[in-house]
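[1] Output the structure for:
(one chain, ligands or ions: 1)
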Amino acid sequence: MQKIKKVLIANRGEIALRIMRSLKEMGIKTVAVFSEADRQSPHVQYADEAVCIGPAPSSSSYLNSSKIIETALKLHADAIHPGYGFLSENENFARQVEESGLIFIGPSANSIKIMGSKLAAKDAASAYNIPMVPGTNKPVTDINEALRVTSEIGYPVLIKASAGGGGKGMRIVEKPEEFAEQLERASSEAKSAFGDGSVFIEKYIASPKHIEVQILGDQHGNVIHLFERECSIQRRYQKVVEEAPSPVLNHEKRMAIGEAAVNVAKSCNYYGAGTVEFIVDEKLNFYFLEMNTRLQVEHPVTEMITGIDLVKEQINIAEGNTLSFKQEDISIRGHAIELRVYAEDPANNFLPDIGKLVTYKRPQGPGIRVDDGFEESMDIPVFYDPMIAKLITYGSTRTEAIQRMKRAISEYKISGIMTTLPFGSYVMDHEEFISGRFDTHFVKKYFSPENLKVNLDKETEEIAMAFAGNFFTEKNNNPYAGEIHNASGNSIWKRRYS
Ligand code: ADP
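    Here you go, the predicted structure:
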């Protein structure tokens, strides 16, 4: 067992700050690394020490593993926390960190290797009888064999890259005639994008929910789960809204999916914090998709409903301690929802809208948590993921968490760039979301730019009317003459009397 006294955080933005906050509470010193584009970032200011590790592109900075390890050694850190993204799921990095005598705050390089390949993960998990989506569990090499499998499971089918991630490397095939060509394309795309052309087939689940389970394991073989997160509100196969617990699982299903997740973790001798992802059909049958061997973006919703600080547990595990609680010690209290606030324009196909945060005012008050890595007047760099913040609300019930999210969105003031905040309002007000029945096709089925335009038009109309009102009311000495409000009642213009 080794006490950790100083940690280098090999990441940036909100997650670097979030990790440092827990370390500070534990009395552990922090080292930030940053690229030239992030010199003014809050994560750099917050750390006890900070070192510039290279130019803006990730390949020259946040992915420069030898520079990062060298910095950790030079500043006498005991451990490296990789956050999510960048080097967090790189088995070679985990190995190099350990070989240089530092602690990697995460699982073993071998667990990362197994779970980094969707096929190797399925193979490991199959020893524990984990339900899998019907399809092939080996790379597809023989087209005739593949066609036999697809006719058995029925169309549409999904061709997936074994090394795929972040919603990339998937193709839906609707008809057998299209299969051979799509297979060819999927394989060559996988080869160029991930350096591994292995692809496999899965039945395309028609109305799926994405439900994942948070697990924690120590280095002594104890693994527990911290219940599930529902992450079905997605665009481009990527999550935008997440919540815990799932509004559709009953106690029995919750325990069954939790147990399956624990077994997936055991199948690769997992330790640390990890997430086991499942796809769930309309009848609530669940199937193992993959495991993410790191802290997940959406981990705060689990922290809110369990009261457990996952970063502190990661440190505890990395120090070699046994888990400080058992499965039966953990329970769910209340409900939490997260909205990812991206610098994207939902009215324009969720394309990134990079620029300056001209106004940036966070919401406040009961049940609100904002994890972010920016301040007002900062630029969102083009080099990295365009997520500005995670807005998390907590309530004693799901209804209260939704109401709080609506209040928080109306209090959040961001100008200068388009964000996913108005999309968040749309989701919170939607009957299908409120019912909890929604699936991963929510955006495709219910959302169109028109939904936001209606609000915008209304807003424009109100501004016009207010202007007209001003013109008349000033003459009539109306007390409301000096202000214009937008649709949500915020003041957007004020007459200044001199
Ligand atoms: P990635 O590693 O790229 O995130 P996943 O396997 O986790 O890929 O899948 C990402 C998303 O793709 C899921 O959340 C779900 O929306 C969709 N998806 C994956 N597999 C299937 C399937 N067999 N049927 C229907 N949708 C799927």
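
[2] Can you pull the residues of this structure lying near the ligand?
    For the chain, the residues in contact with the ligand (CB under 6 Å from any ligand atom) are 133, 158, 164-168, 202, 204-205, 208, 210, 234, 237, 277, 279, 289-290, 440. Glycine gets a C-beta too; all of them are placed from N, C-alpha and C.

[3] Filter these down to the buried ones.
    Those of these that meet the buried threshold are 133, 158, 164, 202, 204-205, 208, 210, 234, 277, 279, 289-290, 440, by 16 or more other CB atoms under 10 Å.

[4] Can you add distance to residue 221 and give the residues you listed back as CSV?
    Converted to CSV, these look like this (distance: CB to CB, whole Å):
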residue, distance to residue 221
133, 29
158, 35
164, 30
202, 31
204, 37
205, 33
208, 33
210, 29
234, 34
277, 23
279, 28
289, 25
290, 23
440, 34
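
[5] Let me see the contact set for the residue of the stretch 1-150 of the chain found nearest the ligand.
    In the stretch 1-150 of the chain, the residue that lies nearest the ligand is residue 133 (4.6 Å; CB to the nearest ligand atom). By CB atoms under 8 Å, 6 or more residues apart in numbering, the contact set of residue 133 is 202-203, 205, 279, 287-289.

[6] If we use 7 Å, what do you get?
    202-203, 205, 279, 287 (CB atoms under 7 Å, 6 or more residues apart in numbering).

[7] Identify, from these, the entry nearest to residue 422.
    Nearest to residue 422 among these is residue 279, at 28.7 Å by CB to CB.

[8] Among the contacts of residue 133, which one sits closest to residue 300?
    For these, the nearest to residue 300 is residue 279 (22.9 Å; CB to CB).

[9] Quick check, that closest one in contact with residue 208.
    Yes - here residue 279 reaches residue 208: they are 4.7 Å apart, a contact under CB atoms under 7 Å.

[10] With adjacent residues omitted, what lies nearest to residue 68?
    Distances taken as CB to CB, 6 or more residues apart in numbering place residue 10 nearest to residue 68, at 5.0 Å, with adjacent residues excluded.

[11] Okay, now the unreliable bits of this structure?
    Residue ranges of the chain with pLDDT under 70: 453-498.

[12] Would you mind giving the secondary structure of the residue of the stretch 351-498 of the chain found nearest the ligand?
    Distances between the stretch 351-498 of the chain and the ligand by CB to the nearest ligand atom are smallest at residue 440, namely 3.8 Å. Using DSSP: H, G, I helix; E, B strand; the rest coil, the structure places residue 440 in coil.

[13] Quick one: residues contacting it.
    By CB under 7 Å, 6+ apart, the contact set of residue 440 is 208-210, 232, 234.

[14] If we use 6 Å, what do you get?
    Residues in contact with residue 440 (CB atoms under 6 Å, 6 or more residues apart in numbering) are 208, 210, 232, 234.

[15] hang on, the earlier thing: the buried ones among the residues of the chain next to the ligand in strands, which ones?
    158, 164, 202, 210, 234, 277, 279, 289-290 (DSSP state E).

[16] how far away is residue 168 from residue 236?
    Distance of residue 168 to residue 236, given as CB to CB, to the nearest Å: 9 Å.

[17] And residue 163, by the same measure?
    18 Å.

[18] quick one: which of those two has more around it?
    Higher neighbour count among residue 163 and residue 236: residue 163, with 20 against 11, using other CB atoms under 10 Å.

[19] shouldn't that one be in contact with residue 192?
    No - look at residue 163 against residue 192 with CB atoms under 6 Å: they stay out of range, at 11.5 Å.

[20] returning to what we had before: tell me the one among the buried ones among the residues of the chain next to the ligand nearest to residue 346.
    Looking across those and measuring by CB to CB, the closest to residue 346 is residue 234, at 13.1 Å.

[21] Please name the nearest non-neighbouring residue to the closest one.
    Residue 234 sits nearest to residue 440 (CB to CB, 6+ apart), 5.4 Å away.

[22] And stretch 339-354, end to end?
    End-to-end distance for stretch 339-354: 19 Å, by CA to CA, to the nearest Å.

[23] That one: which residues count as buried?
    Neighbour-count burial for stretch 339-354, counted by 16+ other CB under 10 Å, picks out 339-347, 350, 352-353.

[24] for stretch 224-242, same thing?
    By neighbour count on 16+ other CB under 10 Å, the buried set for stretch 224-242 is 224-235, 239-242.

[25] Closest to the ligand out of those residues?
    Looking across the buried residues of stretch 224-242 and measuring by CB to the nearest ligand atom, the closest to the ligand is residue 234, at 5.5 Å.

[26] how near is that closest one to residue 115?
    Distance, residue 234 to residue 115, using CB to CB: 21 Å.

[27] repeat for residue 425
    Distance of residue 425 to residue 115, given as CB to CB: 36 Å.

[28] Of these two, give the one with the bigger neighbour count.
    Between residue 425 and residue 115, residue 115 has the larger neighbour count (other CB under 10 Å), namely 27 against 19.

[29] for the more buried one, what are its contacts?
    121, 268, 291, 293.

[30] Spell out the secondary structure type for residue 360.
    Relying on three-state DSSP, one would call residue 360 strand.

[31] Name the residues linked to it by a beta bridge.
    For residue 360, the beta-bridge partners are residue 414 (DSSP bridges).

[32] now, the most widely separated pair of the ones in strands among the buried ones among the residues of the chain next to the ligand?
    202 and 234, at 16.8 Å, using CB to CB across those.

[33] CA-only coordinates of the helix or strand containing residue 316 in PDB, if you can.
    In this assignment (DSSP states H and E), residue 316 forms part of helix 310-318. Coordinates of the C-alpha atoms in helix 310-318 are reproduced here as PDB (Å, rounded to 0.1, in the frame of the first residue of the first chain):
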ATOM      1  CA  LEU A 310     -16.000   8.400  -7.500                       C
ATOM      2  CA  VAL A 311     -12.600  10.200  -7.800                       C
ATOM      3  CA  LYS A 312     -11.900   9.600  -4.100                       C
ATOM      4  CA  GLU A 313     -12.700   6.000  -4.500                       C
ATOM      5  CA  GLN A 314     -10.300   5.800  -7.500                       C
ATOM      6  CA  ILE A 315      -7.500   7.100  -5.300                       C
ATOM      7  CA  ASN A 316      -8.400   4.800  -2.500                       C
ATOM      8  CA  ILE A 317      -8.300   1.800  -4.900                       C
ATOM      9  CA  ALA A 318      -5.000   3.000  -6.500                       C
END
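
[34] Other residues contacting it?
    By CB under 6 Å, 6+ apart, helix 310-318 touches 4, 19, 22, 103, 105, 216, 218, 271-273, 299, 303.

[35] Ramachandran angles for the residue nearest the centre of the chain?
    When CA atoms, centre = their mean is applied to the chain, the residue found nearest the centroid is residue 297 (3.4 Å). Here is the backbone geometry of residue 297 (degrees, to the nearest 10): phi -50, psi -50.

[36] In stretch 436-449, which residues are buried?
    438-440, 442-443, 447.

[37] should've said stretch 305-322
    Under 16+ other CB under 10 Å, the buried positions of stretch 305-322 are 305-306, 308-319.

[38] ends of it, how far apart?
    End-to-end distance of stretch 305-322 (CA to CA): 22 Å.

[39] now do stretch 160-176
    Per CA to CA, stretch 160-176 runs 16 Å from first to last residue.

[40] Near residue 271, how many other residues are there?
    Around residue 271 there are 24 residues (other CB under 10 Å).
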